[in-house]
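>>> Any chance you could fold what I've pasted below:
(chains A, B and C)
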Amino acid sequence: MPELPELEILKRELRPYVLGRQVKELVVPEGKGGDCAVGEWKEALEGATITGVERRGKMLVLHVDSGFSLIVHLMMVGQLLLRSVYNGVPNDVQLMLVFEDDQLFLGQVHLKFLRLVPTADLDQMPQLSELGRDPLGEAFGPEILGEMLAQRRGKIKSFLLDQRHLAGIGNTYSDEILFEARISPTRVASSLNADEVRRLHGSVVRTLQRGLELGGSSEMAFVHLDGSKGIFQEQFRVKGRKGKPCLVCGTPIEKTSVGGRGTYFCPSCQE
DNA sequence: CAAAGAACCTGGCGGC
DNA sequence: TGCCGCCAGGTTCTTT
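Below you'll find the predicted structure:
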């Protein structure tokens, strides 16, 4: 799934190509674009220059100098492809931004999560304003994590998945994070001792960084701007490994459901 | 208000 | 071949 590392990758790849570039045309193919107001979107985007690309949790926000911002959430299957580096024709283009010398495709996005809003209103958008801390941000340390966990009576996996606490972790990374931290996904968040909190913090940061370095997880639809795949999924330690031996102790990995989400863990290593 | 569960949405897959 | 139900995990709503 596209989670923090995947969106961070797209942000970094996108910046050199689109920053300072003028949008010549917004193209919405026949029958595509969901219920986005094409006329208003054209007015806001065509002729405007892209002034910023930032990531908020699992969302990408493109700012343009006409005073609007485009919020993109890829959900499970969305893709962003750039014509100048992508060799081929995307098969489901929902929306395309045409630049002087390039074209940016938004494909297979869940359009409910594609929004164009005045930049001044961005901070009032609940999807953004209710987001929690960025786990790769400088201010995120073990002490802060400990404070966040202290009052939580829910399961630690549910805490990691809740975007209001830490923004950007999804079902794939949460399982890998908890395995590395040797903490059971069903542990009550506030029950973690100081050492476990330190391990969890280190694991959150290292696991997300590792995902980044491996080009993200292309287990499902995620690809880079040029269509290439990441390889993090080849190094999953628990995700999708039900019944296979734990890479640390050999015990078969188990699959259960936590918070309604498929959850893989080692019953021996994780307590 | 926090937590849990169900619901909704998308695409993919297996069974019939 | 299509249809259907189910699963997946992203969010959001509803209930407790």
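>>> what bits of chain A have low per-residue confidence?
Counting by pLDDT under 70, not a single residue of chain A qualifies.
>>> Just the closest residue of it to DNA strand B, please.
The minimum distance from chain A to DNA strand B, using C-beta to the nearest atom of the strand, falls at A:G154 (3.1 Å). To be clear about C-beta, it is placed using only N, CA and C from the backbone, and glycine gets the same treatment.
>>> Three-state assignment for A:Y264, please.
Using DSSP: H, G, I helix; E, B strand; the rest coil, the structure places A:Y264 in strand.
>>> residues touching it, list them.
A:175, A:179, A:238-242, A:253-255 (C-beta atoms under 8 Å, 6 or more residues apart in numbering).
>>> do that again at 10 Å, thanks
For A:Y264, the contact set (C-beta atoms under 10 Å, 6 or more residues apart in numbering) comprises A:171-172, A:175-176, A:178-179, A:185, A:236-242, A:244, A:253-256.
>>> again with A:G202
With C-beta under 10 Å, 6+ apart, A:G202 has these contacts: A:142, A:145, A:177, A:180-181.
>>> quick revisit: now, which of the contacts of A:Y264 lie within strands?
Counting by DSSP state E, the part of the contacts of A:Y264 found in strands is A:254-256.
>>> out of these, who has the most neighbours?
A:E254 (17 neighbours; other C-beta atoms under 10 Å).
>>> Chain neighbours aside, what residue packs nearest to it?
A:P267 (5.3 Å; C-beta to C-beta, 6 or more residues apart in numbering).
>>> can you pull the contacts of the closest residue to the residue of chain A closest to DNA strand B other than its chain neighbours?
Residue nearest to A:G154 in three dimensions, not counting chain neighbours: A:A189, with 5.9 Å by C-beta to C-beta, 6+ apart. By C-beta under 10 Å, 6+ apart, the contact list for A:A189 reads A:148-160, A:162, A:165, A:183, A:197, A:200.
>>> How about the residues of the stretch 151-271 of chain A by DNA strand C?
A:161, A:163, A:170-172, A:260-262 (C-beta under 7 Å from any atom of the strand).
>>> Flag every buried residue along the helix or strand containing A:V23.
With elements taken from DSSP states H and E, the one containing A:V23 is strand A:23-27. Using 16 or more other C-beta atoms under 10 Å as the test for burial, strand A:23-27 gives A:23-24, A:26-27.
>>> what does that strand contact?
Against strand A:23-27 from outside (C-beta under 10 Å, 6+ apart): A:33, A:36, A:38, A:41-50, A:62, A:64, A:66, A:70, A:93, A:95-105, A:116.
>>> tell me the phi and psi of A:A194?
A:A194 adopts backbone torsions of phi -60, psi -40, taken as degrees, to the nearest 10.
>>> try A:D123
According to degrees, to the nearest 10, A:D123 has phi -70, psi -10.
>>> right, and it touches A:V61 too?
No. Counting by C-beta atoms under 10 Å, A:D123 does not reach A:V61; the two are 11.2 Å apart.
>>> In terms of neighbours, single out the busier of those two.
More crowded of A:D123 and A:V61, by other C-beta under 10 Å: A:V61, with 20 against 8.
>>> Relative to A:L14, how far out is that one?
The gap separating A:V61 from A:L14 is 11 Å, by C-beta to C-beta, to the nearest Å.
>>> Common neighbours of these two, please.
A:53, A:55.
>>> Return a PyMOL selection command for the buried portion of the contacts of strand A:23-27.
Restricted to buried positions by 16+ other C-beta under 10 Å, the PyMOL selection for these reads:
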select buried, chain A and resi 33+36+41+44+45+46+48+50+62+64+66+70+93+95+96+97+99+103+104+105+116
